[in-house]
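Chemist: Next comes the sequence, and after it the predicted model I'd like to discuss.
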Protein chains: 2
Amino acid sequence: MTDAEPSRPRLRADARRSIDTLLTAAAEVFAESGVDAPVRQITARAGVGAGTLYRHFPQRSDLIAAVFRHEVDACADTAPALAAGHAPVEALRLWLLRFTHFIATKRGLSAALHSGDPAYDSLPSYFQLRLVPALEDLLGAAAESGEIRTDTDPNDLLRAVANLTLPAQDDDGHTGRMVGLLLDGLRYGAP
Amino acid sequence: MTDAEPSRPRLRADARRSIDTLLTAAAEVFAESGVDAPVRQITARAGVGAGTLYRHFPQRSDLIAAVFRHEVDACADTAPALAAGHAPVEALRLWLLRFTHFIATKRGLSAALHSGDPAYDSLPSYFQLRLVPALEDLLGAAAESGEIRTDTDPNDLLRAVANLTLPAQDDDGHTGRMVGLLLDGLRYGAP
DNA sequence: TTGCTAACCGGAACAGCGTTCCGTATCGTT
DNA sequence: AACGATACGGAACGCTGTTCCGGTTAGCAA
C-alpha cells in the first residue's frame, strides 16, 4: 500500500478526508468522461469547493497524476489477495482482468502523457515499478505450479493486454475472451 | 495545384481574399505556437474578425485541416520545380529538406490527429496521396540516373525523415546532416 | 472544558478560451 | 444607380482552469 501524497507535515483530519473524496470522485469522473473532464464536475461530485481542490492539487495535472498513482496502487495491491485466494492460473487471469478495467478508465491519458507537462514525467516509471513486480509474482507462482510456460516477459504481457483493451470502448466480454486466449497461449508451453 | 476549399457556389472576391489571408496567417501562427494557438491570435494577424473566420471554417479543426492540406500541396508542388532545376540526387535532397520544414511546423498536430475529431479523418490519406507520388518521381529520376539504389519505399523514407525532424525543436544543421546521411545510404547500393 | 490559532473550506470572481450573433459594409448584378 | 445577397467586424455568450479571501473548524494548551 503506497500512499498517494507524501505530505510531510501531518495533515488535519478534514484535509485528509477532502483529498480522499477528491481522489475517488476524480477517478469516477475520469472513467466516465475522460481526463479532460471539467474540474467543476469533479468538485461537484466530491461536494467540495474549487479552492479545496487547488489547495491540495495546485495544477490540474497534479490531480490526474495522483489519481493515476492511486489506481496503479489499487491494481497492484490486488495481486497478493488474488494469489492467496485462488489457484495460480486463475489468480493470474483475474488479475489480468482487473488490469483490463484499470486501462479502460484511462481514456485520454495517453494524450496527456505526451503533452510534455513535467507532472507526468514520473508516471511511466511508477507504472513499471508497481505493476511489473505484481505480475511477476503471479507469473512466477503459475510457472512454479507447472501450469504455464516460463519464457514470458511481464512487460510484454502488460503491453499486450493494454493494447487489447484500448481500442474497444466497452463491449460484450470481448476483452475477457482475448485475455483468456493469451492465458491459453501461456499454458501451451507448459513443461 | 489542388485548392484548399471546394466552395461550390462562386465566392465573392472579398471572401476569397479573407480565406487566403486566414490560411497564411494560421500557417504562420501554427508554426510559431503550435496548432493549439488561440483563434484570436490568428484573426488578429490576419486583420480579420472572428466572425469571418467562423464563416469559412465552422470549426477550429476545419481551419487546421485546411492549413494542413494547403501546406501538403505546397510541399508536393515543389517537387517538379526542383526536378527541373537540379541534378536528380540534388533535387531529391532539396525536396527532403523542404519536407523537413513542412514537418517542423506541425507541432501539436499529431495529438490533434488522434483526438478523434472527424475533421481530421481524411488528412493521413491526403498526406499519402500528395506526397508519396511527389517523392516517387524524385526517387525514380535519381534511380534512373544510376546514382541511388532502387529498393527504397517512398513511404518508409517519408516516415524516416519525419521521425528525424520531430524530436529536435530547432537547432544547427542537424536534420540537414541526417538527411544527407540518409541520402548517402541510398547511394551506397547504387548499381 | 474552554479558548485560541493555524489550517482548511466554499464559492464568488478573474482571465482567457472557442463560438455565436447581428448591425453594418461591400460586392456583383440589374 | 440602385438593390439584394453575401460577407465583415467585434461585442457578447457560455465554458474553461485558476486565484482569492472571508468564514469555519480541527486540534492543541491551559
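Modeler: Thanks, I have it. Numbers count the residues shown, from 1 in each chain, chains lettered A, B, ... in the order given.

Chemist: and the next element down the chain from the top helix by length along chain A?
Modeler: Across chain A, the helix with the greatest residue count (assigned by DSSP state H) is helix A:60-85. Using DSSP states H and E, the helix or strand that follows helix A:60-85 in sequence is helix A:88-104.

Chemist: Quick check: mean pLDDT of that next one?
Modeler: Averaged across helix A:88-104, pLDDT comes to 91.

Chemist: tilt between it and helix A:60-85?
Modeler: With axes from the mean of the first three to the mean of the last three Cα atoms, to 10 degrees defining the directions, helix A:88-104 sits at 170 degrees from helix A:60-85.

Chemist: could you check the distance from A:P38 over to DNA strand D?
Modeler: 3 Å (Cβ to the nearest atom of the strand, to the nearest Å). No exception for glycine: its C-beta is placed from N, CA and C like everyone else's.

Chemist: buried residues in the longest helix of chain A?
Modeler: In terms of neighbour count (16 or more other Cβ atoms under 10 Å in any protein chain shown), helix A:60-85 has its buried residues at A:60-73, A:75-76, A:78-79, A:82-83.

Chemist: That helix near DNA strand C anywhere?
Modeler: No. Judged by Cβ under 7 Å from any atom of the strand, helix A:60-85 stays clear of DNA strand C, getting no closer than 13.2 Å.

Chemist: Out of the buried residues of helix A:60-85, which are close to DNA strand D?
Modeler: Answer for those near DNA strand D (Cβ under 7 Å from any atom of the strand): A:R60.

Chemist: In stretch A:86-106, which residues have enough neighbours to count as buried?
Modeler: Those buried within stretch A:86-106 under the rule 16+ other Cβ under 10 Å are A:88-89, A:91-97, A:99-100, A:102-103, A:105-106.

Chemist: Spit out the contact partners of the residue of chain A found nearest chain B.
Modeler: Relative to chain B, the nearest point of chain A is A:A111 (5.8 Å; Cβ to the nearest Cβ). Shown in contact with A:A111 (Cβ atoms under 8 Å, 6 or more residues apart in numbering or on different chains): B:A111, B:H114, B:S115.

Chemist: how far away is the one residue sitting closest to the centre of chain A from A:D62?
Modeler: Centroid-nearest residue in chain A: A:V72, 3.5 Å away (criterion: Cα atoms, centre = their mean). Distance of A:V72 to A:D62, computed by Cβ to Cβ, to the nearest Å: 16 Å.

Chemist: Not counting residues beside it along the chain, what's closest to A:A112?
Modeler: A:V35 (5.6 Å; Cβ to Cβ, 6 or more residues apart in numbering or on different chains).

Chemist: One more: A:V179?
Modeler: A:V179's closest residue in space is A:L96 (Cβ to Cβ, 6+ apart), at 4.9 Å.
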